[in-house]
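Undergrad: please work out how this folds:
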Amino acid sequence: MPALEIRGLTAGHQSVPVVRDLDLTVSPGEIVALLGPNGAGKTTTLDTVCGALPALGGAVQVFGRPVKSLREAARRRLAYVPENRGLFRSLTVDENLRLRSRTRAAAGELYERFPTIGRLRNRQTALLSGGEQPLLALMCALSLNAELLLVDEMTMGLSPAVVLDLAEVIKQVAADGVAVLFVEQHVHLALELCDRAYVLNHGSCVLEGAGDELLGELSATYFAHDPSVNG
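TA: This is a model prediction of the structure:
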């Protein structure tokens, strides 16, 4: 059974379609990238999958069941890291993590897994570095025992070294059997990291396939002016 199955999805804001007739699947342990120019409908897709936006048409199923609200998404073990990280900046690292963790033991296990953040547990989240904040956001998502992880623009504004560290975290998550669907503007990174990718343009899927197979075609078409593709 797919962790996520989208069939004929039409989605948008205030009844105005942004995404049209999208089919997409993600299996447990698979990393899938959602690519495309700004405004292509990538974030709208993630918002609809997690129930933050109602679908205008089609179906979204998580482990075989529909998701129509954020509460249902949480019950299906779906966790979403939005572009703004979804952190409470006035709270400490520990307070952010404990708000989301099902148990104190779960938080402790994550500190052991990510000792860099563990050493900062009493620091105010607003004082974390640009690389530490997305890592904390991923930890908060994983603390929910997520089986499907959605990540929007994980690497935006980060240094290359931090980007590579976060990519390794995503690989570890998938190796544990978690299904991952992520939106990313660093095209080379995305296609090297993912098992498969879907490319949206004006709300429709125009390409899909294995990451290594798509890189050449993307370089010549949809991302012709993207420096991350052209070197």
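
Undergrad: any idea which element the spatially most central residue of the chain lies in?
TA: The C-alpha lying nearest the average C-alpha coordinate of the chain belongs to Val151 (C-alpha atoms, centre = their mean; 1.4 Å). Per DSSP states H and E, Val151 falls inside strand 148-152.

Undergrad: only the buried residues of the very next helix or strand once past that strand, if you could.
TA: Scanning forward in sequence from strand 148-152 by DSSP H and E, the next helix or strand is helix 160-175. The neighbour-count check on helix 160-175 (16 or more other C-beta atoms under 10 Å) flags 162-163, 166-167, 169-170, 173-174 as buried. Any C-beta I mention is one placed from the backbone N, CA and C, and that applies to glycine too.

Undergrad: roughly how far out does helix 160-175 sit from the chain middle?
TA: 12 Å (C-alpha atoms, centre = their mean, to the nearest Å).

Undergrad: could you do stretch 96-104 as well?
TA: 20 Å.

Undergrad: if you count neighbours, what's buried in that stretch?
TA: For stretch 96-104, a neighbour-count test (16+ other C-beta under 10 Å) marks 96-98, 100-101 as buried.

Undergrad: among those residues, which one lies nearest to Asp23?
TA: Arg100 (31.4 Å; C-beta to C-beta).

Undergrad: what sits against the closest one?
TA: 140-141, 143-144 (C-beta atoms under 8 Å, 6 or more residues apart in numbering).

Undergrad: please repeat the previous calculation with a cut-off of 6 Å.
TA: Contacts for Arg100 (C-beta atoms under 6 Å, 6 or more residues apart in numbering) come out as 140, 143.
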